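Q: what would the 3D arrangement of this be:
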Amino acid sequence: MSHRRRLAIVLWFAAWLLTLLPAGAFASGNDVGKNVGDLLKHYAGELYGGVVAVIAVVCLMNRRYVELATFLFAAVVVAWMVFDPSNIASAAEAIGKQIFG
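A: Below is the predicted model of the structure:
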């Protein structure tokens, strides 16, 4: 196959692909990575909350209140660190300024 024929096939395929894709897919305002990340973060938060709720109900049914309180405290701390890292960073910076001046 000649180079001109290959180039013609590639250009034809590119033109065909551009006609199929919506114009919005190439807009500079779309941030697909951020949108998918936010969606996955939302689902992870819901899943985390569900797991915490199930474990809390099991602790309540078995009347293990001290373990429940410890678990819920740990769950809140972990959720704070995982789902709000910017707040953790600013809190650590404030603590560092308090300690080191």
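Q: CA atoms for contacts and neighbours, from now on please.
A: OK.
Q: so which bits of whatever helix or strand His42 lives in are buried?
A: Secondary structure from DSSP states H and E places His42 in helix 32-61. Of the residues in helix 32-61, 52, 56, 59 count as buried by neighbour count, 16 or more other CA atoms under 10 Å.
Q: distance of the residue nearest the centre of the chain from Ile99?
A: Nearest residue to the geometric centre of the chain (CA atoms, centre = their mean): Lys41, 3.1 Å. Per CA to CA, to the nearest Å, Lys41 is found 33 Å from Ile99.
Q: same question, Gly50
A: In terms of CA to CA, Gly50 sits 38 Å off from Ile99.
Q: could you list the low-pLDDT ranges of the protein?
A: 1, 16-18, 20-29 (pLDDT under 70).
Q: again, 90 this time
A: Counting by pLDDT under 90, the chain contains low-confidence residues at 1-45, 77, 79-92, 96, 101.
Q: look up phi and psi at Arg63.
A: phi 60, psi 50 (degrees, to the nearest 10).
Q: now it: how far from Tyr48?
A: In terms of CA to CA, Arg63 sits 22 Å off from Tyr48.
Q: kindly report the same for Ser86.
A: 19 Å.
Q: got it, and Tyr65?
A: 21 Å.
Q: equivalent analysis for Lys34, please.
A: 21 Å.
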